[in-house]
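Undergrad: Quick one: sequence and predicted model below, then my questions.
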Amino acid sequence: MPDEQQTHNAPEQSSDHDDSFLHTCLYFTTNRLNRAITRMADEAFATTGLTPAYGYLIRLVIGQPGITQKELSEKLYITPSTLTRFIDKLEGKRLVERKVQGKTVLVYPTEQGKQLGPSLREASKRLKETYEALLGKEAAVLLTGYQEESSQKLES
């Protein structure tokens, strides 16, 4: 990891004639990191037959049967319409089911969905072990914490 003081105080002194501005741009570096971690996550979850997003959704549903769609969308930081598409797909695979209670839609895992729990936890563990091996455990924890804190600040 670069020296923290150096990274935080480095002024952007580049011109448009070189590419150094890309390496000091939060937008660019975040997208680059996103592509790398997405590739790792896709590999880790490949054995489950699900994408990481679907895998984490099912893990939440298994952990809290009857969770509302609103809660799921908030926990996963996705729009309600995206969540609806995800749940539609998982219902089609018979991994979750919806139950309407008044105006609230509750999501439950099916037996088939529950059976995926151990392999989904293993995929999550594999992903974490992979990036911790590359970054170092301490750096991985710090990076995750910085991202969480930064996301909260930027979303407010």
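TA: Cool, got the structure.
Undergrad: Assumed Val100 was part of a strand.
TA: Yes - inclusion of Val100 in a strand is indicated when DSSP: H, G, I helix; E, B strand; the rest coil is applied.
Undergrad: Beta-bridge partners for it, please?
TA: Here Val100 sits in beta bridges with Val105, going by DSSP bridges.
Undergrad: What score does it have for pLDDT?
TA: What the model reports as pLDDT for Val100 is 94.
Undergrad: Run through the protein and note the low-pLDDT ranges.
TA: 1-16 (pLDDT under 70).
Undergrad: From the centroid of it, which residue is nearest?
TA: In the chain, the C-alpha nearest the mean C-alpha coordinate belongs to Ala53, at 6.5 Å (C-alpha atoms, centre = their mean).
Undergrad: contacts for the helix or strand where it lies?
TA: For Ala53, the element it lies in under DSSP states H and E is helix 52-63. Where contact means C-beta atoms under 8 Å, 6 or more residues apart in numbering, the residues beyond helix 52-63 that reach it are 38, 41-42, 44-45, 48, 50, 67, 72, 75-76, 78, 83, 86-87, 89-90, 95-96, 107-109, 113-114, 116-117, 120-121, 123-124, 127. For the C-beta atoms, the positions are set from N, CA and C on the backbone; glycine is no exception.
Undergrad: got the buried residues for it?
TA: Of all the residues in helix 52-63, those buried under the rule 16 or more other C-beta atoms under 10 Å are 52-62.
Undergrad: Ok, stretch 117-136 next?
TA: 120, 123-124, 126-127, 130-131.
Undergrad: what do you get for stretch 58-77?
TA: Within stretch 58-77, the residues scored as buried using 16+ other C-beta under 10 Å are 58-62, 67, 69, 72-73.
Undergrad: Which one of these is nearest to Asp19?
TA: Relative to Asp19, the closest of the buried residues of stretch 58-77 is Ser73; by C-beta to C-beta it sits at 37.2 Å.
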